[in-house]
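**Student:** here's a sequence, model it:
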Amino acid sequence: MSTDLTFTIKSTNLDENYHPSNNTRITTNFANLARGESRQQNLRNTLKMINNRFNALASWDNPQGDRYEVELEIISVDLDITSSGQAFPSIEVLKTNIIDRQTNERIEGMVGNNFSSYVRDYDFSVLLLEHNKSKPQFSIPDNFGDLHGKLFKCFVNSNTYKQHFKKPPVICLSVSDNKIYQQTENLHPILGVEYQPNESSLTEQYFKKMGLQVRYFMPPNSVAPLAFYFFGDLLNDYSNLELISTISTMETFQKIYRPEIYNANAAAGSRYKPNLKNDDHSLTQIVYDRAERGQLAVEQGKFTEQHFIKPYQSVLQQFSASIA
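**Tutor:** Have a look, this model is predicted:
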């Protein structure tokens, strides 16, 4: 049954001329930046922030702080579940590439970084809400995230993935504002100081079903830890430049979307509770509509239910059972 899954990968450059395509997930962070009057300036400023941060972290043999440039590709993954030629837009991630201006070399960066998925929108914005509508106490539906996890693992293990990418993905998210993070003694030269959360979150459990484990690090000169979701060994499977490409890209996005946490004027202490109501933060020069993003997640979750979950219900059940 699983052999019927066909993945198709499309790549779009994320540069100052980027326009979101009609079938891109519009809740995707970078698509939100690429609309409206400030579109080009938004993208230009974002890329500049990424490059500045990259060079600050990759400071060796880089006296002017301008040796490297990061190029971004949006990787869109379509899924055909019945070999019918009818593909459904399933996942979107970012890929970094690093230009070394000193050697004129183009170095492959990290794939993953930002992660968005239609089925995840359905799970969190439709299924979870429906399940809890009339319940006095919040609970999670049985098998929540199972289908999404299996689809994602199939993609990462597919020949299509292996033909395009050399290493497994690393996804980098913001910390949760309802957990407390404790600083540890562990210090990595690039990832920075490690933090540990006081409890597991629904996001962690969801990503675990995708086969991903998580560690939290606050890179040098950052003000809050980032959540790194990965397969294998995060600290040894990736080069310094690969890790820096993810930190510089995703920390920049978080400064734009979560300035209360990632552009706070004071850095996280040894015991840290993120606060989305923190007034003591700076804003970037980049225009972003956070409310719109929340509404779109619901719309796209309903789109998934209508065009994927319901029409392919029996096929999806068979698929899920075949890789129990």
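
**Student:** find the least confident helix or strand in the protein, judged by mean pLDDT.
**Tutor:** helix 29-33 (a mean of 58; mean pLDDT, DSSP states H and E).

**Student:** give me the next element, helix or strand, following that one.
**Tutor:** Sequence order places helix 39-57 as the next helix or strand after helix 29-33, per DSSP states H and E.

**Student:** tell me the buried residues in that following helix?
**Tutor:** 39, 42-43, 45-47, 49-51, 53-55, 57 (16 or more other C-beta atoms under 10 Å). Every C-beta, even on glycine, is put in place using the N, C-alpha and C of the backbone.

**Student:** centre of the chain to that helix, how far?
**Tutor:** 18 Å (C-alpha atoms, centre = their mean, to the nearest Å).

**Student:** can you show me the CA trace of that helix as PDB?
**Tutor:** Extracted in PDB, the C-alpha atoms of helix 39-57 (Å, rounded to 0.1, in the frame of the first residue of the first chain):
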ATOM      1  CA  ARG A  39       6.500  43.200   0.100                       C
ATOM      2  CA  GLN A  40       9.900  43.800  -1.400                       C
ATOM      3  CA  GLN A  41      11.300  45.800   1.400                       C
ATOM      4  CA  ASN A  42      10.100  43.100   3.900                       C
ATOM      5  CA  LEU A  43      11.900  40.400   2.000                       C
ATOM      6  CA  ARG A  44      15.100  42.500   1.500                       C
ATOM      7  CA  ASN A  45      15.200  43.400   5.200                       C
ATOM      8  CA  THR A  46      14.600  39.800   6.200                       C
ATOM      9  CA  LEU A  47      17.400  38.400   4.000                       C
ATOM     10  CA  LYS A  48      19.800  41.200   5.300                       C
ATOM     11  CA  MET A  49      19.000  40.200   8.900                       C
ATOM     12  CA  ILE A  50      19.700  36.500   8.100                       C
ATOM     13  CA  ASN A  51      23.100  37.300   6.400                       C
ATOM     14  CA  ASN A  52      24.200  39.600   9.200                       C
ATOM     15  CA  ARG A  53      23.400  37.000  11.800                       C
ATOM     16  CA  PHE A  54      25.100  34.200   9.800                       C
ATOM     17  CA  ASN A  55      28.300  36.200   9.500                       C
ATOM     18  CA  ALA A  56      28.200  37.100  13.200                       C
ATOM     19  CA  LEU A  57      28.100  33.400  14.100                       C
END
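
**Student:** how far is the helix or strand just after it from where the chain is centred?
**Tutor:** Heading C-terminal from helix 39-57, the first helix or strand you meet, by DSSP H and E, is strand 68-80. From the chain centre to the centre of strand 68-80 is a distance of 12 Å (C-alpha atoms, centre = their mean).
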